[in-house]
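**Q** The following block contains a protein sequence and its predicted model.
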Protein chains: 2
Amino acid sequence: MINTLIKNIQEKNAPIVVGLDPMMNYIPEHIKKAAFEEYGETLKGAAEAIWVYNKGIIDATYDLIPAVKPQIAMYEQFGIEGLMAFHKTCAYAKEKGLVVIGDIKRGDIGSTSAAYAVGHLGRVEVGSKRYAGFDEDFVTVNPYLGTDGVKPFLDVCKEENKGIFVLVKTSNPSSGEFQDKLVDGRPLYELVAEKVVEWGNECMGDTYSNVGCVVGATYPEMGKVLRKLMPKTYILVPGYGAQGGKAEDLVHYFNDDGLGAIVNSSRGIIAAYKQEKYASFGEASYAEASRQAVVDMIEDINGALGK
Amino acid sequence: MINTLIKNIQEKNAPIVVGLDPMMNYIPEHIKKAAFEEYGETLKGAAEAIWVYNKGIIDATYDLIPAVKPQIAMYEQFGIEGLMAFHKTCAYAKEKGLVVIGDIKRGDIGSTSAAYAVGHLGRVEVGSKRYAGFDEDFVTVNPYLGTDGVKPFLDVCKEENKGIFVLVKTSNPSSGEFQDKLVDGRPLYELVAEKVVEWGNECMGDTYSNVGCVVGATYPEMGKVLRKLMPKTYILVPGYGAQGGKAEDLVHYFNDDGLGAIVNSSRGIIAAYKQEKYASFGEASYAEASRQAVVDMIEDINGALGK
């Protein structure tokens, strides 16, 4: 699957991913109104609004971007109905040729991790049949439980040609509380990074591994070190834009081949119409505002990369 | 909510929780057959089988136990239909007076963690209305992202009188890879434990905090140290039985008041009929076998506690 992601990135010359993290207050009023008129102010109404909103953004941007990253929490908060919108969004994005990175940050042990892996990347057995539950292409994985928690994902990745991104250093202010703690003089995230390399060797694509990692854009100095520690690991980089990460900082996350990183923006793209810069599009044209924000983000990052 | 959990434990004199982690191969053939006849070998058929199986176990044990702990991964692997069975199981257990601990091991940052908290413990806003998505009483939380990831859960716990159990030291063999790493001479899990105390102080019940933690039964020496470090923290203890944890080891997880820990058993209870010890019940009476296994587990643990 990493080969497909890289192919998409190269064809579109766009090392970016759009985070489909819909918040109710991002969704234009006309979409909410229509959904609530049809289903009432219910979980189903909210899910319908999310789906229509997402579809608009996918339709307006799919030709420019290699991938989307729906954040499952934003759907899960609306219960079953929300998760149906998540599933529909993933399926639609795949139909449009996009790689789908499910930002699920799951992680457990043994048979439990296997269940998550099967449900999100593989197919579950029911009697003599097999079914895909959510069917993303990649998912994000939390490493706190160690190899037992990650290994079942690797097994499914190999069987189904899928991939994962393991949290190494997250973009949030308090990520340092545990991740930065020094173990024999080295931060914990570097130990996690070494494990990511080990896990990744089991799951290689052509030039990069199907086991990628997450390193926040907000810690460029650490990104620089981690880039060198994990030469064949794709880095999923959250924290660009709204969280404060700048294009010039992101250069460190890429290898000399111009590959090795994919930068996420969520709010900055999907709620672009709320920014002063894109306000002229108006709420009704929120998707066109998102498209323009994608164009600008690609230019910003490629510019910093000297492309 | 910790007050309710303690009340239930005391009334039933049973510091245990039944892990509702249904695997298809635990479910008796007659239940699968009926479900597949009705819905085919489909995700819906699997979900129906899980639900009927769970209901049987709840009906046969609810008067003996204070709580259940459904492991969401085992449902999520069957996609939307599986999650509907999870939701139904949680609601039914609550109807029967049980405290529901959703073993979801979520953890993210800021608004994303807030979305998980709202979806599982709180109520989400839809226009002028508010709805509970999954509505568990407690959930398990992964601490790798630090305070930013946990804080939103605390906010919802305070508002809704709910609780969480934060992973400190998990029961699996490779839990030591990161959790045991020494930071200034002390294992990382102790640092996490200190944060749990800090978070817990914000969310106190009468004698214990609504912020509990998870410490595996398979590491009793660590359990002993952690018990002292976190005197007001309830410990959810996985790993008893099938994973190798013994009752005499569990004594260390309790305080002198006889409280402070709740021991989980999943397979050992829900698939009891598959053990030689309970084989005489037969597959058709799987739920009665589970009841007997509950009786034996309570006796085993209370015996070790000298109760």
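**A** Great, that's in hand.
**Q** contacting residues for the spatially most central residue of chain A?
**A** Nearest to the mean C-alpha position of chain A, counting by Cα atoms, centre = their mean, stands A:Lys69 at 3.4 Å. By Cβ atoms under 8 Å, 6 or more residues apart in numbering or on different chains, A:Lys69 lies in contact with A:17-20, A:100-103, A:236, A:264, A:266. Using the backbone N, CA and C atoms, a C-beta is placed for each residue, glycine as well.
**Q** ok, and which of these reach chain B?
**A** Checked against chain B using Cβ under 8 Å from any Cβ of the partner chain, these give no members in range.
**Q** out of these, who's nearest chain B?
**A** Distance to chain B across the contacts of A:Lys69 (Cβ to the nearest Cβ) is lowest for A:Asp103, with 8.2 Å.
**Q** hang on, the earlier thing: doesn't the residue nearest to the centre of chain A lie inside a strand?
**A** Yes: counting by DSSP: H, G, I helix; E, B strand; the rest coil, A:Lys69 is found in a strand.
**Q** what bridges to it?
**A** On the basis of DSSP bridges, A:Lys69 is bridged to A:Gly19.
**Q** Would you quantify the distance from it to A:His87?
**A** 15 Å (Cβ to Cβ, to the nearest Å).
**Q** can you pull the buried residues of the helix or strand containing A:Asn8?
**A** Here A:Asn8 sits within helix A:2-12, counting by DSSP states H and E. Buried residues in helix A:2-12, counting neighbours by 16 or more other Cβ atoms under 10 Å in any protein chain shown, are found at A:2, A:4-6, A:8-9, A:12.
**Q** The residues you listed also near chain B: which ones?
**A** Applying Cβ under 8 Å from any Cβ to the buried residues of helix A:2-12, none is adjacent to chain B.
**Q** Which two of the residues you listed have the greatest separation?
**A** Pairwise distances across those (Cβ to Cβ) peak at 16.0 Å, for the pair A:Ile2 and A:Lys12.
**Q** For the helix or strand hosting A:Tyr189, name the packing helices and strands.
**A** Taking DSSP H and E as the definition, A:Tyr189 sits inside helix A:188-201. In terms of contacts (3 or more Cβ pairs under 8 Å, 6 or more residues apart in numbering or on different chains; DSSP states H and E), helix A:188-201 is packed against helix A:147-160, strand A:163-169, helix A:176-179, strand A:211-215, helix A:220-229, helix B:176-179.
**Q** Helix A:220-229 and that helix, what's the angle between them?
**A** If you take axes from the mean of the first three to the mean of the last three Cα atoms, to 10 degrees, helix A:188-201 sits at 30 degrees to helix A:220-229.
**Q** Identify the residues contacting helix A:188-201?
**A** Applying Cβ under 8 Å, 6+ apart, the contact partners of helix A:188-201 are A:143, A:146-147, A:150-151, A:154, A:166-169, A:178-183, A:209-213, A:222, A:225-226, A:229-230, A:232-233, B:177-178, B:181, B:183, B:188.
**Q** tell me which residues of it are tucked away?
**A** Buried residues in helix A:188-201 (16+ other Cβ under 10 Å): A:188-193, A:195-197, A:199-200.
**Q** Just give me the closest of these to A:Val124.
**A** Among the buried residues of helix A:188-201, and counting by Cβ to Cβ, the member closest to A:Val124 is A:Trp199, at 22.8 Å.
**Q** The closest one and chain B: what is the separation?
**A** For A:Trp199, the distance to chain B equals 11 Å [Cβ to the nearest Cβ, to the nearest Å].
**Q** again with A:Tyr131
**A** In this view, A:Tyr131 and chain B are 5 Å apart by Cβ to the nearest Cβ.
**Q** Dig out what that residue forms beta bridges with.
**A** Beta-bridge pairing for A:Tyr131 (DSSP bridges): A:Val124.
**Q** wait, it sits on B:Glu41?
**A** No: A:Tyr131 is not in contact with B:Glu41 according to Cβ atoms under 8 Å; the separation is 9.1 Å.
**Q** And these two? Which one has more around it.
**A** Using other Cβ atoms under 10 Å in any protein chain shown as the criterion, A:Tyr131 and B:Glu41 rank with A:Tyr131 on top: 20 against 17.
**Q** any idea how far the more buried one is from A:Val139?
**A** Taken as Cβ to Cβ, the span from A:Tyr131 to A:Val139 is 17 Å.
**Q** repeat for A:Gly133
**A** Distance from A:Gly133 to A:Val139, by Cβ to Cβ: 12 Å.
**Q** Overlap in contacts, those two.
**A** Common neighbours of A:Gly133 and A:Val139 (Cβ under 8 Å, 6+ apart) are A:His120.
**Q** end-to-end on stretch A:174-187?
**A** Stretch A:174-187 has an end-to-end distance of 14 Å (Cα to Cα, to the nearest Å).
**Q** Enumerate the positions of that stretch that are buried.
**A** For stretch A:174-187, by 16+ other Cβ under 10 Å, it's A:174-181, A:183, A:187.
**Q** Farthest pair within those residues?
**A** Spanning the widest gap among the buried residues of stretch A:174-187 are A:Ser174 and A:Val183, at 18.6 Å by Cβ to Cβ.
**Q** Okay then, goodbye and thanks.
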